[in-house]
Structure formats: structure tokens, C-alpha cells
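1. One predicted model, sequence on top.
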Amino acid sequence: VPMSRVGVVIVAGGTGSRVGGSELKQLRFVAGKPMLLHSLQAFQSIPEVAMVVCVLPKQYAGDPPPWIFQSDPERMLISVGGKTRAESVSNGLEDLPAECTTVLIHDAARPLVTPEVVERALTVAARRGAALVAVPVRDTIKTSSGGDTAEGTIDRSVLWAAQTPQVFRTALLRELFERAASDEFRPTDESALHERY
């Protein structure tokens, strides 16, 4: 059996400031287990995945919650989150084993990822070089420069809400992060790097 060459970086390094409360959202329980564990187990159920790197906030990386080991510890590493998402992903990429030539970046706050979606993203990335999961925007989107008057309506037929996983060749993504750092470009997701460069 050839060695699996797919690595996953699950970003759980954020503080969840938009959610509120002191508990990290990615550690909150959903349907009986923490969000992060849902994602970790989903990726480890895929035979092609050789390693999953969980990027945790510094205070948790040194002393991870015990439930994280309800997974395959031989296929899991823990990395330390940075000040930004880009820093956290870069840290996770650094810790990924060299044999992982393809990498999926995934947000721990998206616990309902299915193996079918992951397999489809991997198939598209193998054919096209990269892939991201996205859904059509169903809401009507308005523009407003001041926030108090609607100035226009954007054609939602061309709008897609980016999600994760996002799939790339590992070496390319590392290179794109280096370019972004030297340009002081701060992407909100990894596909923004791919689009820009």
C-alpha cells in the first residue's frame, strides 16, 4: 500500500471573539462532542490522510484537552496558533510531515464536514491544482458605505460563500504564505492567496 500523501491542518487557534463567552467555540460541544473532535475524526476516517495537525491556542497546545486523544494519536500532531489565521496556518504547515505533498486547510468551527465533501475536494484539486468548498449565497446582499443607507444590490448569482476545506499542493501554499508575508498581504482565507498570486 503506498504511503498516504495528504495532510490536514485544522485551524483551532482563534479566540472565537465573534461568538462571545470565555470558552473557545472550537472546544464547545456540538451533538455530544467538541467541534474540533468532529473534524479531527472525520479527516482521520479518510484513508488518504496521513496526518492531521491541530493548531491550538498557545495555552491549550502545551496541555491539550484529554478528549482530543479520542482519535488516532499516530496520525495527529498539535501545533501552536499564531496571532492571525495566516500565522496559525503557517505554523501548522511547518509541522506537517514532508511526505504530505497535498494539504487541506480546515476551520475547526466547521464541525459537520463529511468524508464525501473532502473526497470531492481532493478529486477537484488533483485535476485543477487547488480546490475550495463553497456554497451559493442565498441572501440578498446590499452595499452601504456608511452603514445607514442601502446604496445598491449585488447580483447574488455570482456570489459564493467560501468554506473549508481548501486544498492545495503543500509546497505551493508555503510559497504563497512567504510571498504574502513579504507583501504584508493578510488574507482572510487561503484561496485568497491563490487568487492573488
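-> Now that the structure is in, tell me what you want to look at.

2. What is the lowest-mean-pLDDT helix or strand in the chain packed up against?
-> The helix or strand of the chain with the lowest confidence, counting by mean pLDDT, DSSP states H and E, is strand 29-30 at a mean of 76. If you count contacts as 3 or more CB pairs under 8 Å, 6 or more residues apart in numbering; DSSP states H and E, strand 29-30 packs onto no helix or strand. To be clear about C-beta, it is placed using only N, CA and C from the backbone, and glycine gets the same treatment.

3. packing partners for whichever helix or strand comes after that strand?
-> For strand 29-30, the following helix or strand on the C-terminal side (DSSP states H and E) is strand 33-34. With contacts defined as 3+ CB pairs under 8 Å, 6+ apart, strand 33-34 has no helix or strand neighbours.

4. Now do the residue nearest the centre of the chain against Thr140, distance only.
-> With distances taken as CA atoms, centre = their mean, His106 lies nearest the centre of the chain, 2.2 Å away. Distance from His106 to Thr140, counting by CB to CB, to the nearest Å: 29 Å.

5. and what of Glu195?
-> 25 Å.

6. same thing with Leu172?
-> From Leu172 to Thr140 the distance is 36 Å (CB to CB).

7. Look at the two and report which has more neighbours.
-> Leu172 (15 against 9; other CB atoms under 10 Å).

8. Assign a three-state SS to that one, would you?
-> With DSSP: H, G, I helix; E, B strand; the rest coil as the basis, Leu172 sits in helix.

9. Let me see the ranges of the helices in this structure.
-> Secondary structure of the chain (DSSP state H): helices at 35-44, 58-61, 85-95, 115-128, 170-183, 190-196.

10. Can you mark which positions in the last one are buried?
-> Within helix 190-196, the residues scored as buried using 16 or more other CB atoms under 10 Å are Glu190, Ser191, Ala192, Leu193, His194.

11. In the lengthiest strand in the chain, which residues are buried?
-> For the chain, the strand with the greatest residue count under DSSP state E is strand 160-169. Buried residues in strand 160-169, defined by neighbour count with 16+ other CB under 10 Å: Gln163, Thr164, Pro165, Gln166, Val167, Phe168.

12. which stretches of the chain aren't confidently modelled?
-> 1-4, 14-23 (pLDDT under 70).

13. Return the residue of it that is most distant from the centre.
-> Within the chain, Thr149 marks the point farthest from the mean C-alpha position, 34.6 Å out by CA atoms, centre = their mean.

14. Would you mind measuring from it to Thr143?
-> 10 Å.

15. Repeat that for Val103.
-> Val103 sits 35 Å away from Thr143, going by CB to CB.

16. The two: who's more crowded?
-> Using other CB under 10 Å, the more surrounded residue of Val103 and Thr143 is Val103, with 28 against 10.

17. what residues does stretch 93-101 touch?
-> When contacts are defined by CB atoms under 8 Å, 6 or more residues apart in numbering, stretch 93-101 is touched by residues 3, 5-7, 9, 50-51, 53, 77, 79, 103, 169-171, 173-174, 177.
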